[in-house]
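Undergrad: model the following, please.
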Amino acid sequence: MGEQMRFEGKVALVTGGASGIGAETAAKLASEGARVVIADLDGEGAERIAAELRSGGAEAVGVACDQTDEAQVAALFSETVGRFDRLDVCHANAGWCRVGPVLDVSARTWRRHFDVNVTGTFLVCQAAARRMAQCGNGGSIVMTSSSGAVQPAAFFSAYCSAKAALNMLTAVMAYELGVHRVRVNAVMPGVTETAMTADLLATGARELFEREVPLARLGRPADIADAVAFLASDDSAYMTGQSLLVDGGGGIGASWFVTDFRARGSADWRLRHEALAAAAEAA
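TA: Below is the predicted model of the structure:
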């Protein structure tokens, strides 16, 4: 079977494209024929990825954009359509995460999660939908949500809440935009090896995650990019409003962090394997 070229002649925009899932998705779409606009708060990083794609023969451009700034988002889409005269795919991928006990989460940290992950993603998807509707060719919007949107995780209260909001935004936008033949879906990655998860994985959590994921490994950016490309392409032409778990089956199992809830008023939170080992030793 020959190489797929599902995005030949199409224009794709990827936010959070300077690294990780976004960079991998940009490369995937470009490899299948898309002209790609890579946006990121790190403009130099976005242009670096674009340059790498151009060196391989793709047409790509990197743009600095803070997606929490409505004017910058508007300028990003004006530049995209002005340059390429259309927009077919938008991968709203940029995100932000900090970990901490719910009793210690500051209002500032909470707001930042929602500013970037919810409001910023909304602004990007709204702008994409407007351009797609104006161009009249339909299109596909894919948001990056998280397995945390449907699987509560201790210490991720703000992040899980924000990503859960994206799942509902996905469904509502899909319902409204069908008349414009614009499809809206989301991917929900499990624990994936990116810069965002590097600190957590460095704590020794890697072994736990690998042990509790049925496919016995962490996600890779390419795993998520493949799912995004599927949802962005005509291979999923009859799918809209869906949030797709891409987690190696990790969501089937229990939470990563556990405590003995019988200890009223205090909690000795441990990674699951540590708690099980301690319980076995005590027995």
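
Undergrad: which non-adjacent residue is nearest residue 146?
TA: For residue 146, ignoring the flanking residues on the chain, the nearest one in space by C-beta to C-beta, 6 or more residues apart in numbering is residue 163 at 4.1 Å. For the C-beta atoms, the positions are set from N, CA and C on the backbone; glycine is no exception.

Undergrad: and for the one you found, the neighbour number?
TA: When neighbours are defined as other C-beta atoms under 10 Å, residue 163 has 28 of them.

Undergrad: go on, residue 119?
TA: When neighbours are counted by other C-beta under 10 Å, residue 119 registers 16.

Undergrad: what's the answer for residue 83, then?
TA: Residue 83 - counted by other C-beta under 10 Å - has 14 other residues nearby.

Undergrad: grab the nearest non-local neighbour of it.
TA: Nearest residue to residue 83 in three dimensions, chain neighbours excluded: residue 61, at 7.1 Å (C-beta to C-beta, 6+ apart).

Undergrad: now for that neighbour: which residues touch it?
TA: Applying C-beta atoms under 8 Å, 6 or more residues apart in numbering to residue 61 gives the contacts 36, 37, 38, 47, 50, 83.

Undergrad: who touches the closest residue to residue 220 other than its chain neighbours in this structure?
TA: Spatial nearest neighbour of residue 220, excluding adjacent residues (C-beta to C-beta, 6+ apart): residue 193 at 5.9 Å. For residue 193, the contact set (C-beta under 8 Å, 6+ apart) comprises 201, 218, 219, 220, 221.

Undergrad: ok so the first one is a helix residue?
TA: Yes. Counting by DSSP: H, G, I helix; E, B strand; the rest coil, residue 201 is found in a helix.

Undergrad: ok, it - contacts?
TA: Residue 201 is in contact with 191, 193, 209, 218, counting by C-beta under 8 Å, 6+ apart.

Undergrad: ok so, going back, neighbour-wise, which of the contacts of residue 193 leads?
TA: Counting neighbours by other C-beta under 10 Å, residue 219 leads those with 24 neighbours.

Undergrad: that residue against residue 192, yeah?
TA: Yes. If you go by C-beta atoms under 8 Å, residue 219 and residue 192 touch, sitting 3.7 Å apart.

Undergrad: domain boundaries for the protein, per the record?
TA: Domain assignment for the chain by automatic domain parsing gives 11-252, 254-283.

Undergrad: how near is the one residue sitting closest to the centre of the chain to residue 3?
TA: Centroid check for the chain by C-alpha atoms, centre = their mean gives residue 144 as the closest residue, at 2.4 Å. Residue 144 sits 25 Å away from residue 3, taking C-beta to C-beta, to the nearest Å as the criterion.

Undergrad: repeat for residue 58
TA: Look at residue 58 and residue 3: by C-beta to C-beta, they are 14 Å apart.

Undergrad: and if you look at residue 182?
TA: 27 Å.

Undergrad: closest to residue 135 among the contacts of residue 193?
TA: When the contacts of residue 193 are compared for distance to residue 135 (C-beta to C-beta), residue 221 wins out at 29.0 Å.
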